[in-house]
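**Q** Just need the structure, nothing else, for what follows:
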Amino acid sequence: MHQIYTTLCSSQCHLSRCPDGWGHCTFSWSRQRRWQSGEESLYEVDLDFDGSEEDAASGGDACYHSFLKFVFDGNKHSQLKGIVKGGGSNSGGGFTNGKMKEELVRKGLANENEYIHCPCTLHNDQTNLRNATESIFGEGGIEKRNVMQLLHALSDFQNDFSDKDLYLDLLEAAHRDKFPDKATVPKDLLRLMQEPIATRWKTIGMAARYIHKHFAVLVHFVRAVCDVKRTHSYRNKCGSNFLALANEPVIKCDLALLAGFDKIYFNHHMEFNHTTDKIIGRSGFLAPHHPVQYFLKVSELQELEEEVEKGALYINQTPKSAKLPSFWQAMRDCEGLVEIEAQIDCARKFLEVYKGSLHKHNKHFCNKLLFLGCFGEQPTATIVANYLIISSLGNDPSVEDLMEGQKRRSSLPCTTIKQLILRCLQIS
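**A** Down below sits the predicted model:
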C-alpha cells in the first residue's frame, strides 16, 4: 500500500510509505532515484512546480497527473484514491495551506478524514514569538526604551566596527579586565551576536540569551569604548543607548524573561522543525508528527503559566523548580511592590499572547484528526494500542504495561502520550 505525505515549499517534497516499508518520496520530473535499506525504501523524483504561478485547482490537477507517472503496480488510477495522507506548505496563496487539502480531496487523492496539513512550522513559530514580543514589549527604535531596543542598540554598536577582529580582541580584553581571576574567556562570548530581526528564525532569542549571559562583560566593554570615543559619533550614540537601557531594572527583567523563554521553550521547539529524518537523512518530518509537537507546546506553556501564577503568590521567593530562575532573580532589583507586580503581569500577558498565536496557527489540528498524531512513529503507536486495549478492560495502565512489546523506546515519554490520548478523546 502506498501512502504519500506532501510538502510544498520552494520545491515539491513528498514523504511516502512504500509497499516494502516506511519510505519518503520527493516527486519531480527530471530524475528518479531509489535507496534500499532492509525493509525501508526511499524514492526521490523531482517535480517542477511553482505555487506562485498556479491556482489551487491547477495544483491539484498537476499532482494527480504527476503521481500517475510514478511507477506503481496494477491499476494506477485506483491506487491513487486517498493516497495522500498529509502535507505541508507555506502560508501563501494558490496551492497552499487549506486549499491544497481541498483540491487533493476534490481529485480523490486525499480523504478528508485522514489528511493532516501543516503550514510552514518555522514561520508559524517565529510569528508566535514576534506577536508576543511586539505586543508586550513593542518594537525597537532609537527613541524607544524597551528590551527590543536594548538588543538593537548592541547590534548596531557591534556592526559599527568594520574590523570585527579588532572588536573581538577588545571584547576579550574587557573580559580579562572584568574577571582577572578567570583563566579562560568563554568561547561563545567571542562569537559575533546575531542581529535580532523579528522575522528571522531564532535571532531575537539568540541575541537575548547572549546579552543576558554576558551582561556584565558587555556593559564593561561598551562603557570602556564609549569613554574613549568622541561623544557625537554613531558608535558612541549606540553604546550610550545600550548602557542607559541596561541600567533599567525593568528592562533587565524583560531581558531575563526573553532569554529564559528562548532557552527553556522556544529554541528546542524551533529545532524540531529542523528534525533530521532517520531515513531521508535531511530535515523533514511527517504531518502526523506535528500534532504531537503542538500538544507538547501547549503543555509546556501551561507549566510556565502555572509558574508565573505561583510567583505572583510568593513575590519574594523563586518558585520551586523554576523554569525561569533568572527572571525571578532579576525582579529582586525592581523598585517596590508595584513594579514587581507589573513585571509579573508582563510575563503573564507575554505567555497569553504567545499561546493565542500558537492556537491560531494550529487550529486545524483541533479536530478528530488530532488522534492520528499518536501514530507518528511505530513505538508511539504501540503505546497507544496498549493503552486502548488495557483501558477498555476498565484498568488504568502503568508505564510498564504501555511499554510491553516495545523493541525500542518512543521519543515521547509514556506519561505524555497518555495525556495526549486523553486530550484526543476529548476533542473527538
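**Q** Flag the shaky bits of the stretch 151-300 of the chain, pLDDT-wise.
**A** For the stretch 151-300 of the chain, the stretches flagged by pLDDT under 70 are 201, 229-230, 275-289, 291.
**Q** May I see the buried residues of stretch 87-105?
**A** Within stretch 87-105, the residues scored as buried using 16 or more other CB atoms under 10 Å are 87-90, 94-97, 99-105. Bear in mind the C-beta positions are built from the backbone N, C-alpha and C, glycine included.
**Q** Now do the strands in the stretch 51-200 of the chain.
**A** Along the stretch 51-200 of the chain, counting by DSSP state E, counting those that start in this stretch, strands occupy 84-89, 116-119.
**Q** got these as JSON lines, with mean pLDDT and distance to K360 columns?
**A** Formatted as JSON lines, the strands of the stretch 51-200 of the chain follow (pLDDT from 0 to 100; distance: least, CB to CB, whole Å):
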{"stretch": "strand 84-89", "mean pLDDT": "71", "distance to K360": "17"}
{"stretch": "strand 116-119", "mean pLDDT": "73", "distance to K360": "11"}
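**Q** And these: which comes nearest N128?
**A** strand 116-119 (12.7 Å; CB to CB).
**Q** Do a quick rundown of the helices in the stretch 201-350 of the chain.
**A** Along the stretch 201-350 of the chain, counting by DSSP state H, counting those that start in this stretch, helices occupy 203-213, 215-228, 234-246, 249-261, 267-272, 289-313, 325-330, 336-362.
**Q** Could you check the angle the third one makes with helix 249-261?
**A** Yep, that's helix 234-246 we're talking about. Put simply, helix 234-246 runs at 90 degrees to helix 249-261, going by axes from the mean of the first three to the mean of the last three CA atoms, to 10 degrees.
**Q** Equivalent analysis for the first one, please.
**A** Using the same axes, to 10 degrees, the direction of helix 203-213 lies 120 degrees away from that of helix 249-261.
**Q** helices or strands up against helix 203-213?
**A** Contacts defined by 3 or more CB pairs under 8 Å, 6 or more residues apart in numbering; DSSP states H and E place helix 203-213 against helix 121-136, helix 147-159, helix 249-261.
**Q** need those helices in JSON lines with mean neighbour count and distance to K323, can you?
**A** What follows is these, written out as JSON lines (neighbours: other CB atoms under 10 Å; distance: least, CB to CB, whole Å):
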{"stretch": "helix 121-136", "mean neighbour count": "20", "distance to K323": "17"}
{"stretch": "helix 147-159", "mean neighbour count": "24", "distance to K323": "19"}
{"stretch": "helix 249-261", "mean neighbour count": "24", "distance to K323": "7"}
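**Q** among the strands of the stretch 51-200 of the chain, which is nearest Q158?
**A** Comparing those against Q158 with CB to CB, the closest turns out to be strand 116-119 (34.3 Å).
**Q** buried sites along the closest one?
**A** 116-119.
**Q** What pairs with that strand, parallel or antiparallel?
**A** Within its sheet, strand 116-119 is paired with strand 84-89 (parallel), according to DSSP bridges.
**Q** In this structure K310 contacts T318, no?
**A** No. With contact defined as CB atoms under 8 Å, K310 does not count as touching T318 (9.8 Å).
**Q** neighbour-wise, which of these two wins?
**A** Set K310 next to T318 and count neighbours by other CB atoms under 10 Å: T318 wins out with 18 against 14.
**Q** In space, what's closest to the more buried one - neighbours in sequence excluded?
**A** In space, and not counting its chain neighbours, T318 is closest to W328: 4.2 Å by CB to CB, 6 or more residues apart in numbering.
**Q** Let me see the contact set for the residue nearest to E352 when sequence neighbours are not counted.
**A** Distances taken as CB to CB, 6+ apart place E305 nearest to E352, at 7.9 Å, with adjacent residues excluded. Neighbouring residues of E305 by CB atoms under 8 Å, 6 or more residues apart in numbering: 348, 351-352, 355.
**Q** Next, the contact list for C238, please.
**A** Taking CB under 8 Å, 6+ apart, we find C238 in contact with 153-154, 156-157, 160.
**Q** how about a cut-off of 7 Å?
**A** Counting by CB atoms under 7 Å, 6 or more residues apart in numbering, C238 touches 153, 156-157, 160.
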